[in-house]
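> this one's structure only:
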């Protein structure tokens, strides 16, 4: 899974970055009502922000292109 077209603006006074310095940017994202939780073993895990039955959550996940397994 990848995010494309994302842009981050670092404004003056936010931090000091010099040529040659390494920086690490972390971003979180959501898909439908599912919010990114963490990654492990090459898989991304999401939490549903809506309280619903397992069956309804699974249907919503599949609708949003997410799957278990």
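That came through fine. Please read these numbers as outputs of a predicted model, since none were measured by experiment. Residues are numbered from 1 along each chain as shown.
> backbone phi and psi for the residue nearest to residue 49 when sequence neighbours are not counted, please?
Of all residues not flanking residue 49 in the chain, residue 33 sits nearest, at 4.8 Å (Cβ to Cβ, 6 or more residues apart in numbering). C-betas here are computed from N, CA, C, even on glycine. According to degrees, to the nearest 10, the main-chain angles of residue 33 amount to phi -90, psi 10.
> Likewise for residue 60?
Dihedral pair for residue 60: phi -60, psi -40, per degrees, to the nearest 10.
> Tell me who's in contact with it.
Applying Cβ atoms under 8 Å, 6 or more residues apart in numbering to residue 60 gives the contacts 32-34, 48, 50, 52.
> want to try JSON lines for those, with neighbour count as columns?
Putting the contacts of residue 60 into JSON lines (neighbours: other Cβ atoms under 10 Å) gives the following:
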{"residue": "32", "neighbour count": "15"}
{"residue": "33", "neighbour count": "15"}
{"residue": "34", "neighbour count": "21"}
{"residue": "48", "neighbour count": "17"}
{"residue": "50", "neighbour count": "10"}
{"residue": "52", "neighbour count": "12"}
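> Name the nearest of the residues you listed relative to residue 42.
residue 34 (18.2 Å; Cβ to Cβ).
> Which pLDDT does the model give the closest residue to the closest one other than its chain neighbours?
Spatially, and ignoring its direct neighbours in sequence, residue 34 is nearest to residue 46 (3.9 Å; Cβ to Cβ, 6+ apart). Per-residue pLDDT puts residue 46 at 91.
> Quick check: the gap between residue 46 and residue 21.
The spacing between residue 46 and residue 21, counted by Cβ to Cβ, to the nearest Å, is 32 Å.
> Tell me which of these two has more neighbours.
Neighbours around residue 46 and residue 21, counted as other Cβ atoms under 10 Å, are more numerous at residue 46. The numbers are 19 against 8.
> thinking again about what came up before, show me what contacts the residue nearest to residue 49?
Here residue 33 is in contact with 48-50, 60 (criterion: Cβ under 8 Å, 6+ apart).
> quick one: pLDDT of it?
The score at residue 33 is 92. That number is its pLDDT.
> Verify the stated contact: residue 34 with residue 47.
Yes. Applying Cβ atoms under 8 Å as the test, residue 34 and residue 47 come out as touching, 6.8 Å apart.
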